[in-house]
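Undergrad: just need the structure, nothing else, for what follows:
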Amino acid sequence: MRYTLLKFLRDQLSTPPPLHTHVYNLTNKTIVITGANTGLGFEAAKHFARMKPGKVVLACRNMGKAERAAERIRTETGFERVQVRLLDQADFASVKSFAKEFSEREERLDVLVANAGVARDVYEGTKDGWETTLQTNHLSSALLSLLLLPKMLATARNHPKATKPCISIVSSETHYFGKFTEPALQSGNLLETLGSEEYCRTQSMAMHARYTETKLLNIFFTRALAAHISSLPPSPSKDPSISASAPPVLVNAVNPGLCLSSIHTHISNPLISRMYRLIEPLLARSTEVGGRALVWGALGRGHEGDYLGDGTHRKYINGWQVEEVSDYVLRNRELEQRIWRETVEILGRVQPGLREMYLPGGEDLEAL
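TA: Next up, the predicted model:
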């Protein structure tokens, strides 16, 4: 699919459907939202809280802000089971610690909304040696998804009729404009090249394209992870209403559209920063509407046209509609497989055993 300015304007100016929280049954379900102390993640958490699930977990890097956000959610929704956990996606150790603690302490995980993200247009390295935007938006989001997938598979297995776990990765319409440079593609390792200080500082426009590249990586990873889950041996079920061919966990990418947000506050280019300040009052959706989009990505639209089910698996959800991804993604199946392999190999150095689980020959998702 090709994305045009007219399409963007139509999307931004269209009237979003209401979110009918009463049609969803989240009884006993556990919801995790990353980057949930502010913006879209916070609004999504409020929407989920109004549906009275088992619990809502805010996974955030600033515990003070997260605690204040949790208290606001309790006050504004009347829902008390809101928890706060530390998660800094600029630090692989923090991601591992969160996943380990959650997997050991929690009985189930029904929804993971991978919302946390940053936008930088100047190189900034993490303690792990990666460019910050690449690690936060792609590598750590992928690591968290891979580490929590065993818990979600167990949830699907233990509650086969009561839940359909979903990983919803927040991407963007900017992925339509993304593509990787030839120097990066021709290098021995695409991701390591993109994440290196040398490439970011010497390649023309490298950092100006970085956010778009990470949103493109989100799409590629979503499709690859979904394909991996679909390839897993089906869990035996005596219930004839449960299809053995249905994916046990759904994975999709959701685009909330241009929303009022603080994500662009770290952009140093004055021209681009000024452009956002001019455009946002005219076209940006409210954070509440953006939060609705994150809920729709994870749960579907209820009686307003329910698209939740196997039909969203490996799909891109633009606001409240399933749409086609970019032509660049569609025609680059080999690149999708390359990004999957490189991502798993890189994260396999972070978490021993990950490579064996997710690359060919490894299917033991109970290992971690």
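Undergrad: after the helix or strand of the chain with the lowest mean pLDDT comes which helix or strand?
TA: Least confident helix or strand, the chain: helix 270-283 with a mean of 80, by mean pLDDT, DSSP states H and E. Per DSSP states H and E, the first helix or strand lying C-terminal to helix 270-283 is helix 287-299.
Undergrad: quick one: pLDDT of Leu147?
TA: Looking at Leu147, its pLDDT reads 99.
Undergrad: distance from the strand or helix carrying Thr75 to the middle of the chain?
TA: In the assignment (DSSP H and E), Thr75 maps to helix 63-77. Centroid separation for helix 63-77 versus its chain: 22 Å, with C-alpha atoms, centre = their mean, to the nearest Å.
Undergrad: do stretch 34-53 as well
TA: Worked out by C-alpha atoms, centre = their mean, stretch 34-53 lies 14 Å from the chain centre.
Undergrad: helices or strands next to the helix holding Thr75 in the packing?
TA: helix 39-50, strand 55-60, strand 82-86 (3 or more C-beta pairs under 8 Å, 6 or more residues apart in numbering; DSSP states H and E). In short, each C-beta sits where N, CA and C put it, glycine included.
Undergrad: what's the mean pLDDT across the first one?
TA: Averaged across helix 39-50, the pLDDT comes to 98.
Undergrad: try stretch 355-364
TA: 78.
Undergrad: stretch 332-351 too?
TA: Here the average pLDDT along stretch 332-351 is 98.
Undergrad: show me what counts as buried in that stretch.
TA: Neighbour counts over stretch 332-351 (16 or more other C-beta atoms under 10 Å) mark 332, 335-336, 338-348, 350-351 as buried.
Undergrad: for stretch 286-300, same thing?
TA: Quick answer for stretch 286-300 (16+ other C-beta under 10 Å): 287-300.
Undergrad: is it fair to say Ser168 lies in a strand?
TA: Yes - remark: Ser168 belongs to a strand, assigned using DSSP: H, G, I helix; E, B strand; the rest coil.
Undergrad: confidence score at it?
TA: You'll see Ser168 listed with a pLDDT of 98.
Undergrad: report the contact partners of it.
TA: 111-114, 251-254, 294, 297-298, 317 (C-beta atoms under 8 Å, 6 or more residues apart in numbering).
Undergrad: check which helices and strands the least confident helix or strand of the chain sits against.
TA: helix 5-13.
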